[in-house]
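>>> This is a predicted model, with the sequence first.
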Amino acid sequence: MQKTLFIYKSTSSLNLKVSKKTLYFIAGILWLIGGNILLYKGIYFFSTYTSSLIINMMIGFSLGFTFFFLMFKKIANRYIVRIRQLNPEKQPFYTFFSPKGYLVIIFMISMSVTLRISGIIPVFYMAFIHLFMGTPLTISGGMFFYSGLKYNASI
């Protein structure tokens with residue numbers, strides 16, 4: 001019993017709590033990193049496997065911007081509101097997503113890796129998918145940074 005209590009105490013001290021403002025920045029960094037990785041892969045795949053790089057990139061970015069305004073803007077706003085409504089002001093650093101959000105991320109990453117490794121979708125089309133998903137992720141990351149910059153804890 002004593003040992004179990006000791007382990008509990010030692011792990012609870014690792015529960016780093018940060019301000020809501022910091023949660024916005026953590027979320028922004030992660031969304032930007034994910035988006036930029038996808039953008040890099042999409043541009044790399046296009047530059048390696050196609051001769052009309054600019055046209056394909058314009059199509060991919062256009063689809064990405066459309067996807068942002070149709071879906072990702074709402075998703076990012078939902079998480080921004082979620083962070084704002086967390087109580088108290090200091091929260092564990094991982095609470096910028098809900099548990100369901102983490103499951104969606106794990107599923108999306110798993111699908112991307114599975115599709116890439118299996119070769120079911122040709123690399124050319126994977127490039128579109130990477131641009132299509134990377135663009136709204138990157139823009140959404142910027143939304144988190146903007147929310148962090150304008151956040152005022154006294155409100």
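Yep, it's here.
>>> what comes into contact with the helix or strand containing residue 108?
Element membership for residue 108 (DSSP states H and E) is helix 99-118. Applying C-beta atoms under 8 Å, 6 or more residues apart in numbering, the contact partners of helix 99-118 are 79, 97, 121, 126, 129, 133. All C-beta spots, glycine's among them, are computed from the backbone N, C-alpha and C.
>>> what's the distance between the most centrally placed residue in the chain and residue 148?
Centre of the chain computed as the mean C-alpha position; nearest residue by C-alpha atoms, centre = their mean is residue 31, 3.1 Å away. Taking C-beta to C-beta, to the nearest Å as the criterion, residue 31 is separated from residue 148 by 12 Å.
>>> before we move on, what about residue 49?
Using C-beta to C-beta, residue 49 is found at 38 Å from residue 148.
>>> Between helix 99-118 and the strand or helix carrying the residue nearest to the centre of the chain, find me the angle.
Using DSSP H and E, residue 31 sits within helix 20-49. Per axes from the mean of the first three to the mean of the last three C-alpha atoms, to 10 degrees, the angle that helix 20-49 makes with helix 99-118 is 10 degrees.
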